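**Q** sequence and predicted structure, then a few things I'm wondering about:
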Amino acid sequence: MKLARVVGRVVLSSRDENLGFGNLVVVWPLDKKNYKQEGRGELPKTQFNLIVYDTIGAIPGDIIGYVDGAEATAAFDRPIPIDAYNVGIVEKINYAG
Amino acid sequence: MTTRREYRRAALEKMQLAKIVGNLTMASAHESLKGNALFLCQPIDENGNDAGAVVAAISPFGGGLGSKVVIVADGSQARRYVGHEHSPLRHCIVCVLDD
């Protein structure tokens, strides 16, 4: 599970019926500098944005933990066209790296 | 600084040496995480410098700050440990090294 900060939301005008009722959020993966500042701080330029399928209701500004790749579909017992899934909203990061 | 190449390379490795660099508390999460501690692990190579993005892993064996562990990135081990066959957990600590 990797950490990222939610920076936006995606509003779909039409959707694949396999997608279910979750919403899609735009996230920016964090790096070590952000972990030191509890996920705050300037977002790393080298990272690229991901679109994460979210059923927990993350809003922009939240830090979330997400899994990407084929593992994202592990949380469902039906085929679902997603690549990244929001596992949870982070409350506190204790980083002593 | 996690470069894109490093980020992608780390995602490919299945079993990795890592160092516990912190822990994580979740506000609201998938029910399979209930009561499981999440450790922040920094993948390292054999001579100890960073080799990939920091990941949050669950740990059946505990492990303190700075201890060396081996993490596995395939979800089946994590799912078997939490006992939930649809858990989205992925990284799991499989052993704590004592050197």
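**A** All right, it came through fine. Quick caveat: nothing in here was measured; it's all calculated off a predicted structure.
**Q** and whichever residue of chain A sits closest to chain B, how many neighbours?
**A** Residue of chain A nearest chain B, by C-beta to the nearest C-beta: A:G88 (2.5 Å). All C-beta atoms are positioned from the backbone trio N, CA, C, and that covers glycine. Residues lying near A:G88 (other C-beta atoms under 10 Å in any protein chain shown) number 23.
**Q** how about it, nearest residue that isn't a chain neighbour?
**A** B:A29 (2.5 Å; C-beta to C-beta, 6 or more residues apart in numbering or on different chains).
**Q** that neighbour: neighbouring residues, count only.
**A** 23.
**Q** got a list of what it touches?
**A** A:I56, A:G65, A:V87, A:G88, A:I89 (C-beta atoms under 8 Å, 6 or more residues apart in numbering or on different chains).
**Q** what about the fourth one, which SS state?
**A** The three-state label for A:G88, taken from DSSP: H, G, I helix; E, B strand; the rest coil, comes out as strand.
**Q** ok, it touching A:D62?
**A** No - assessed by C-beta atoms under 8 Å, A:G88 is found out of contact with A:D62, at 10.0 Å.
**Q** so which strand or helix has the nearest residue to A:A72 once chain neighbours are set aside?
**A** Nearest residue to A:A72 in three dimensions, chain neighbours excluded: A:Y85, at 3.8 Å (C-beta to C-beta, 6+ apart). Assigned by DSSP states H and E, A:Y85 belongs to strand A:84-95.
**Q** helices or strands next to that strand in the packing?
**A** helix A:32-36, strand A:50-54, strand A:63-68, strand B:15-29, strand B:38-43 (3 or more C-beta pairs under 8 Å, 6 or more residues apart in numbering or on different chains; DSSP states H and E).
**Q** hey, what's A:V25 bridged with?
**A** Counting by DSSP bridges, A:V25 is bridged to A:R9, A:V52.
**Q** so what's it up against?
**A** A:V6, A:G8, A:R9, A:V10, A:I51, A:V52, A:D54, A:A58, A:P60, A:I64, A:N86.
**Q** distance check, the second one against A:G88.
**A** Between A:G8 and A:G88 the distance, using C-beta to C-beta, to the nearest Å, works out to 19 Å.
**Q** with the fourth one instead?
**A** Counting by C-beta to C-beta, the gap between A:V10 and A:G88 amounts to 20 Å.
**Q** give the other helices and strands that the helix or strand hosting B:V70 contacts.
**A** Using DSSP H and E, B:V70 falls within strand B:68-72. If you count contacts as 3+ C-beta pairs under 8 Å, 6+ apart, strand B:68-72 packs onto strand B:15-29, strand B:38-43, strand B:55-58, strand B:92-96.
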